[in-house]
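Asks: model this:
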Amino acid sequence: MATVSEYSVMSDQRAIEFQALSFSYGDRQALKDVSFDVGEGELFSLLGPNGSGKTTLFRLLSTLITPQQGALSVFGKDVIDQAQQVRHDLGVVFQSPGVDGKLSVRENLAVQAVLYGLSKADARTRIDEVCGQLGITDRLNDQVDELSGGLRRRVELAKSLLHRPRLLIMDEPTTGLDPSARSDVWNYIRQLQQTTGMTVFMTTHLLEEADHADRIAILHEGELVALDKPEALRSELGGDVIAITASDPEVLLKKLEQHDGLSPRLIDGVIRISGTVNSQLVSDLHTCYHDEVQQISVGKPSLEDVFIARTGHRFWGAS
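Replies: This is a model prediction of the structure:
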C-alpha cells in the first residue's frame, strides 16, 4: 500500500503546494511536516476533527499567518514573497460570518466590489452574474438579517467570487446549517466548480461532506494521515465492517482474536472487524457470543473507518 507521501496529483498543473509545513503556537505544535498538492480544477476537502490543524492550515493558505517551517505556494506564487499576488487569486469564505446583517444583499456585494477595486459597471455585471449562479437574484434587495442561514452562506460565497478568483477557499462553510441547507450550499459549490473550472479547497469536520470531494486529505493531531479519492480510501479496507457492542468488550476481544482470519480491534469500547465479512460470519458470531453481544451491525467502510485504521481512534473521539 502506498504511503501518504507517495500520492500526488497526476496533472502537472498545481493550484496549491504544501511543502513540509510545520507550525507551532508556543509549545503546541499545530502542524507537523505536512506535504500535499491540490490540482488545478479540483474540489478538495481537508478533513479532520477539532484540533487536528485544519484552521492553522487554512490561515496559512489565506495569508493571515506566514509559514514558520516549510513552503506554501498558490499557482506557483510563494505566500510570503508574493502574498499580494496570491490574495488576488483567492476567494475566501471564513467560518465566521462576514456580511453586514443590516445591509441588503446588494449593498453588501457593492461594498465588497469597491474593496476589490471593481468599476461601477463591472461591479453591477459581476453582482448580477454571481447572484444568478447562486440563485439569490430575487433576494438582492432583502436585508441580510432577514435571510435563512443557507441564503446568508450563499451571499458569503457571492462576495468571494466577485473578482473572479482562480481559487476558492472555505473554512467549514456549512457549520451551523441544517442538513437541507448544507446540501443546498454544497450543490452550489459543486456547480461552481464544474461550470467555471475554478479550484475549490474547503476544510470540514463533517465526514459525509468530505465524501463528496474529488480528493480528501485527512489530518490528525497536525499530521497528514491519509490522502486520496474518497472511494480509494474506503476500498483499501476491503469488504464490510462489523461493529460489536458487548457487555465486556475486552474479554470478547480476546476470544475473537483466537478466530483464524479475524483481525478485531477495540476502538473506544466498540469491537470492529473489517475485511472479508459475510452473513454467515455475522450469524456465527451472534450464535457463539449471544450472551455477550449487546449489538452487532454491518456496513460498508466509511471515512470514519479509514480514520480509525490510520489513527486507532474514532473520528468524533479524536478531538
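Asks: Pairing partners for S45 in the sheet, please.
Replies: Listed beta-bridge partners, S45: M202, I216 (assigned using DSSP bridges).
Asks: and it, what is it in contact with?
Replies: Contact partners of S45, counting by Cβ atoms under 8 Å, 6 or more residues apart in numbering, are M202, T203, T204, E209, A210, H212, A213, R215, I216, A217. The way it works is simple: take the backbone N, C-alpha and C, and place the C-beta from them, glycine included.
Asks: Name the residues that touch the lengthiest helix in the chain?
Replies: Ranked by residue count and defined by DSSP state H, the top helix of the chain is helix 179-196. Residues from elsewhere that reach helix 179-196, judged by Cβ under 8 Å, 6+ apart: 41, 43, 133-135, 148-150, 153-154, 157, 161, 168, 170, 173-174, 177, 198-200, 202, 206, 209, 212.
Asks: circling back: of the contacts of S45, closest to V144?
Replies: M202 (22.1 Å; Cβ to Cβ).
Asks: So S283 versus V293, what's the distance?
Replies: Applying Cβ to Cβ, to the nearest Å, the value for S283 to V293 is 12 Å.
Asks: which one of these two has more residues nearby?
Replies: Legend: neighbour count by other Cβ atoms under 10 Å for S283 and V293, higher for V293 (18 against 11).
Asks: List the residues that contact that one.
Replies: I244, T245, A246, L252, L285, H286.
Asks: give me phi/psi at it?
Replies: phi -80, psi 130 (degrees, to the nearest 10).
Asks: repeat for the one 10 residues further on
Replies: Per-residue torsions, L303: phi -60, psi -30 (degrees, to the nearest 10).
Asks: Same list, the contacts of S45, but as CSV with distance to V111 please.
Replies: Formatted as CSV, the contacts of S45 follow (distance: Cβ to Cβ, whole Å):
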residue, distance to V111
M202, 25
T203, 26
T204, 28
E209, 30
A210, 33
H212, 32
A213, 31
R215, 35
I216, 35
A217, 34
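Asks: Flag every buried residue along stretch 120-127.
Replies: Going by neighbour count (16 or more other Cβ atoms under 10 Å), the buried part of stretch 120-127 is A123, R126, I127.
Asks: Of the residues you listed, just say which sits nearest to F36.
Replies: Nearest to F36 among the buried residues of stretch 120-127, counting by Cβ to Cβ, is R126 at 32.2 Å.
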